[in-house]
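In: Have a look at this fold, sequence not included:
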């Protein structure tokens, strides 16, 4: 199998990992992720999963060092890239005006998840797994929910990424103040 196909397969598999972490670990079952994710629902400014970046980066660097660009490393690179794209897109869904119809659909779905029913629209980057697992609203419902959330404007102010940067630069105590 070509490296490009393995990378794309990793990107696709990210969508299932995202659904599992967001849907099952953060909403459905009582796991360590649930209280962490609850912070984001209370304050959508806390949009980044900053604490997971260093371990993912270390595993990726170690894998490249140990196995170069083997099939498994290319697959994992796709998964890691999916995570990075998820983080950027999730930020945009909360803080920016949509640039495309596709992005607007994702934003509408995510606003439904945040402001209408948190057990629906659990996929942020894709609706595939919502359709598979029955957490996608029916088209008529989705239209109604989209209208109900259409007045919600992008967030203003800083996200928690700024806080993480301050912690890294100045230490935790100075970042809090």
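Out: Yep, it's here. Not measured: the values here are computed from a predicted model.
In: and residue 63, what element?
Out: Per DSSP states H and E, residue 63 falls inside helix 53-67.
In: Quick one: mean pLDDT over that helix.
Out: Mean per-residue pLDDT for helix 53-67: 93.
In: Now it: buried residues?
Out: 60, 63 (16 or more other C-beta atoms under 10 Å). Backbone N, C-alpha and C define where each C-beta goes, glycine included.
In: do stretch 129-136 as well
Out: 129-130, 135-136.
In: Outside of that stretch itself, list whatever touches it.
Out: When contacts are defined by C-beta atoms under 8 Å, 6 or more residues apart in numbering, stretch 129-136 is touched by residues 15-16, 19, 23, 119-123, 127, 142.
In: Just the closest of the residues you listed to residue 4, please.
Out: For the contacts of stretch 129-136, the minimum distance to residue 4 (C-beta to C-beta) is 17.9 Å, reached by residue 15.
In: Which pLDDT value does the model give the closest residue to the closest one other than its chain neighbours?
Out: Nearest non-adjacent residue to residue 15, counting by C-beta to C-beta, 6 or more residues apart in numbering: residue 126, 4.5 Å away. The model reports residue 126 with a pLDDT of 95.
In: Could you do residue 174 as well?
Out: 48.
In: returning to what we had before: so what's the residue count around the residue nearest to residue 15?
Out: Close neighbours of residue 126, defined as other C-beta atoms under 10 Å, add up to 18.
In: For it, identify the helix or strand it belongs to.
Out: Going by DSSP H and E, residue 126 is not in any helix or strand.
In: Relative to residue 139, how far out is it?
Out: Taken as C-beta to C-beta, to the nearest Å, the spacing of residue 126 relative to residue 139 amounts to 17 Å.
In: next one: residue 108
Out: Residue 108 is 13 Å from residue 139, by C-beta to C-beta.
In: now residue 79
Out: 31 Å.
In: Return the distance of stretch 144-155 from the chain's centre.
Out: Relative to the centre of its chain, stretch 144-155 is centred 19 Å away, using C-alpha atoms, centre = their mean, to the nearest Å.
In: That one spans what distance, first to last residue?
Out: Start and end residues of stretch 144-155 are separated by 22 Å (C-alpha to C-alpha, to the nearest Å).
In: tell me which residues in that stretch are buried?
Out: Buried, per 16+ other C-beta under 10 Å, within stretch 144-155: 145-146, 149, 155.
In: try stretch 72-82
Out: Neighbour-count burial for stretch 72-82 flags 73-82 (criterion: 16+ other C-beta under 10 Å).
In: cool, and stretch 87-95?
Out: 87, 89-90, 92-95.
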